[in-house]
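Participant: Structure of the sequence below:
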Amino acid sequence: MTVYVETDFLLALIKDSDWLQDRAENALDEHEVVTSSHAYLELLLIRERHEFEYIKLVSNMLDIVPVETDAERQSVLKAVQYFEDGMTAFDSFHAAAAETRGHSILGSDKAYDEINVERIPLEPDSDE
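Facilitator: Sure, this is the predicted structure:
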């Protein structure tokens with residue numbers, strides 16, 4: 001049976017010591033587990049508290065706790081790379097989602113101008 005897991009499950013597997021670790025590891029034997037990019041976004045947001053080496057960690061975790069589609073997997077991997085390149089966690093996931101889906105971003109954040117995603121400016125032209 002496939003079950004959806006959220007961030008506490010991922011943390012139980014990742015941390016050196018976690019009170020849920022044994023149960024999470026047993027669940028891997030009993031169930032097929034999946035999650036969403038939201039869980040991986042949350043890992044980036046809490047990375048400092050747990051001092052994760054997040055690039056390698058996310059890549060390895062995607063094999064153990066996958067997202068549902070290859071497109072979503074690519075989106076998570078791209079988001080982590082954008083985050084490594086200096087974008088905020090949320091901006092990196094927005095950029096990766098837009099790029100993976102083949103969309104432009106309509107927005108005012110100039111951080112998107114530095115990556116491989118077309119940004120359509122939301123802000124007015126300087127002539128306006």
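
Participant: Do you have the helices of the protein handy? List them.
Facilitator: For the chain, helices defined by DSSP state H occupy the ranges 7-14, 21-30, 37-45, 47-50, 54-64, 70-84, 89-101.

Participant: And the contacts of the lowest-mean-pLDDT helix or strand in the chain?
Facilitator: Ranked by mean pLDDT, DSSP states H and E, the helix or strand of the chain with the weakest confidence is helix 47-50, at a mean of 75. For helix 47-50, contacts defined as CB atoms under 8 Å, 6 or more residues apart in numbering pick out 11, 14-15, 54. Yep, even glycine has a C-beta here, placed from its N, CA and C like the rest.

Participant: Mind giving me the PyMOL command for buried ones among those?
Facilitator: Filtering the contacts of helix 47-50 down to the buried ones (16 or more other CB atoms under 10 Å) takes a single PyMOL command:
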select buried, resi 11+14+54
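
Participant: Now distance to S108 too, for the helices of the chain, in JSON lines please.
Facilitator: Converted to JSON lines, the helices of the chain look like this (distance: least, CB to CB, whole Å):
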{"stretch": "helix 7-14", "distance to S108": "30"}
{"stretch": "helix 21-30", "distance to S108": "41"}
{"stretch": "helix 37-45", "distance to S108": "21"}
{"stretch": "helix 47-50", "distance to S108": "27"}
{"stretch": "helix 54-64", "distance to S108": "27"}
{"stretch": "helix 70-84", "distance to S108": "18"}
{"stretch": "helix 89-101", "distance to S108": "12"}
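
Participant: Out of those helices, which gets nearest to R119?
Facilitator: Counting by CB to CB, R119 lies closest to helix 89-101 out of the helices of the chain; the figure is 9.1 Å.

Participant: How far does the closest one sit from its chain's centre?
Facilitator: Chain-centre distance of helix 89-101: 9 Å, with CA atoms, centre = their mean, to the nearest Å.

Participant: And stretch 24-31, by the same measure?
Facilitator: Chain-centre distance of stretch 24-31: 22 Å, with CA atoms, centre = their mean.

Participant: got it, and stretch 75-89?
Facilitator: 8 Å.
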